[in-house]
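1. What follows is a predicted protein model with its sequence.
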Amino acid sequence: MKGTQTWRLGSIGDMQILPGSRHRPPLKRPIWIIFLVSLVSLFLVCAYIYPQHGNAACYVFSSRGCKALSDWLPPAPARELTDEEIASRVVFRDILNTPPVQSKNSKIAFMFLTPSSLPFEKLWDMFFHGHEGKFSVYVHASKGKPVHVSRYFLNREIRSDEVVWGKISMVDAERRLLAHALKDPDNQHFLLLSESCVPLHNFDYVYNYLMHANMSFIDCFLDPGPHGNGRYSEHMLPEVEKKDFRKGAQWFSMRRQHALIVMADSLYYSRFRDYCKPGLDGKNCIADEHYLPTFFYMIDPGGIANWSVTHVDWSERKWHPKSYRAQDVTDELLKNISSIDFTVHVASDEKSEEQVQPCLWNGITRPCYLFARKFYPETLDKLMMLLNF
């Protein structure tokens, strides 16, 4: 019988001595980081709740100023639309979403806004000749009955009324022309021209450029200066906010759906009729420079090109654009204008910053201008010789 095995603890020397755990000092809390994060959070909350009126404090935290800080903040809640706005926008949406009526004989409506006779009728006669059935002509003569020299203009006057520069009567004349042109279902594009406008290209080029474009050509840009947003009146609230107020030349070219929503609009038109006029609140608001740019920026910003197809030279920075005399008209001048493929908008503030953008036609960079103004009547013979459509 085996004896009972006695177990004993080995000696200290027989045991493997394990390393003891290291002594870790207590962690120091990053108090300064917590304090900094808390301070920044508090600043952002205060900036959102109590927006500041000046920009200087913004640059304490970013060299980009308030824009950098605003990018961090959640967007402001959308304003609730009024009943009139909802009703208007439902109509606009349905018009824009309705496919255009397919016409077998699509035409461009050439709408002339003039005091009386058109000094370039002979040139337009040469431009239109041989393209009958592809265009319609409408004339709004505000001061006297025109004397015509071209058969294309005979009996094409519409009922006209007085037009005063800078006042809503200019917009009324534009809407009057649109209303008459819309009566013809074959008119698919609507072009506003003045008595001093001349074509730069032949008819086929203009027809294809406009009829195959997927947008309307309405001049529209943000001018933060006194002759832009400085003309805005808070009486236009709530329907027209200052952030949406835009500026642009009145000489438009628009698709039929856009012409229809202009005629369907009474709400936004009434705000400009009542609160965009010279002398109101000490400001010099020009309705025809602001109504359509603002309207389309609010209703269908993606449907417009933000430039006009009619060239005007504002390089002299005066109240009125440069006018061309006979000695100014050269082949080089016409080629230079017709080859420009970018637009320049200049702000009216002290910085006079230029906004430059390429002229994108259906996503492709192309020359911007089909027409040009302002030409004196004395340039007619030279223009007919140089253009020679």
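-> On my side now, so go ahead.
2. quick one: the helices in the stretch 201-350 of the chain?
-> Taking DSSP state H, counting those that start in this stretch as the criterion, the stretch 201-350 of the chain carries its helices at 203-211, 256-264, 267-275, 287-299, 331-339.
3. quick one, phi psi at the residue nearest the centre of the chain?
-> The centroid of the chain falls nearest to Cys220 when counting by Cα atoms, centre = their mean (2.7 Å). Phi and psi for Cys220, reported as degrees, to the nearest 10, are phi -160, psi 120.
4. Can you name the residues that contact Ser323?
-> Listed by Cβ atoms under 8 Å, 6 or more residues apart in numbering, the contact set of Ser323 reads Ser196, Lys374, Phe375, Tyr376. Placement of C-beta: from N, CA and C, glycine included.
5. Show the low-confidence segments of the stretch 251-389 of the chain, by residue range.
-> For the stretch 251-389 of the chain, the stretches with pLDDT under 70 are 319.
6. so which of the helices of the stretch 201-350 of the chain comes closest to Phe120?
-> helix 331-339 (14.0 Å; Cβ to Cβ).
7. Give me the residues contacting the closest one.
-> Under Cβ under 8 Å, 6+ apart, the answer for helix 331-339 is Leu200, His201, His311, Tyr324, Pro367, Tyr369, Ala372, Leu386, Leu387.
8. Could you rerun that using 10 Å?
-> 198-201, 205, 311, 313, 324, 330, 367-372, 382-383, 385-387 (Cβ atoms under 10 Å, 6 or more residues apart in numbering).
9. Extract the C-alpha trace of it and format it as PDB.
-> Extracted in PDB, the C-alpha atoms of helix 331-339 (Å, rounded to 0.1, in the frame of the first residue of the first chain):
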ATOM      1  CA  ASP A 331     -16.400  95.000 -88.300                       C
ATOM      2  CA  GLU A 332     -14.100  94.500 -85.300                       C
ATOM      3  CA  LEU A 333     -16.600  95.900 -82.800                       C
ATOM      4  CA  LEU A 334     -19.400  93.600 -84.000                       C
ATOM      5  CA  LYS A 335     -17.100  90.500 -84.000                       C
ATOM      6  CA  ASN A 336     -15.800  91.300 -80.500                       C
ATOM      7  CA  ILE A 337     -19.300  91.600 -79.100                       C
ATOM      8  CA  SER A 338     -20.600  88.500 -80.800                       C
ATOM      9  CA  SER A 339     -17.700  86.400 -79.600                       C
END
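10. Going forward, the N-terminal residue is numbered 8.
-> Sure thing, new numbering starts at 8, so read that last one as helix 338-346.
11. any idea of the angle that helix forms with helix 210-218?
-> Relative orientation of helix 338-346 and helix 210-218, computed by axes from the mean of the first three to the mean of the last three Cα atoms, to 10 degrees: 30 degrees.
12. quick one: helix 338-346 to chain centroid distance?
-> 25 Å (Cα atoms, centre = their mean, to the nearest Å).
13. now swap in stretch 205-223 and tell me
-> Stretch 205-223 sits 20 Å away from the centroid of its parent chain (Cα atoms, centre = their mean).
14. For it, which residues meet the burial criterion?
-> By neighbour count with 16 or more other Cβ atoms under 10 Å, stretch 205-223 contains the buried residues Val205, Pro206, Leu207, His208, Phe210, Val213, Tyr214, Tyr216, Leu217, Ala220, Met222, Ser223.
15. Would you reformat the residues you listed as JSON lines and include distance to Met133 and pLDDT?
-> Converted to JSON lines, these look like this (distance: Cβ to Cβ, whole Å; pLDDT from 0 to 100):
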{"residue": "Val205", "distance to Met133": "11", "pLDDT": "98"}
{"residue": "Pro206", "distance to Met133": "9", "pLDDT": "98"}
{"residue": "Leu207", "distance to Met133": "13", "pLDDT": "98"}
{"residue": "His208", "distance to Met133": "13", "pLDDT": "97"}
{"residue": "Phe210", "distance to Met133": "10", "pLDDT": "98"}
{"residue": "Val213", "distance to Met133": "13", "pLDDT": "98"}
{"residue": "Tyr214", "distance to Met133": "15", "pLDDT": "98"}
{"residue": "Tyr216", "distance to Met133": "19", "pLDDT": "98"}
{"residue": "Leu217", "distance to Met133": "19", "pLDDT": "98"}
{"residue": "Ala220", "distance to Met133": "24", "pLDDT": "96"}
{"residue": "Met222", "distance to Met133": "29", "pLDDT": "96"}
{"residue": "Ser223", "distance to Met133": "27", "pLDDT": "98"}
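16. got JSON lines for those residues, with distance to Phe279 too?
-> Below are these laid out as JSON lines (distance: Cβ to Cβ, whole Å):
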{"residue": "Val205", "distance to Phe279": "30"}
{"residue": "Pro206", "distance to Phe279": "30"}
{"residue": "Leu207", "distance to Phe279": "31"}
{"residue": "His208", "distance to Phe279": "33"}
{"residue": "Phe210", "distance to Phe279": "34"}
{"residue": "Val213", "distance to Phe279": "30"}
{"residue": "Tyr214", "distance to Phe279": "32"}
{"residue": "Tyr216", "distance to Phe279": "30"}
{"residue": "Leu217", "distance to Phe279": "26"}
{"residue": "Ala220", "distance to Phe279": "26"}
{"residue": "Met222", "distance to Phe279": "23"}
{"residue": "Ser223", "distance to Phe279": "19"}
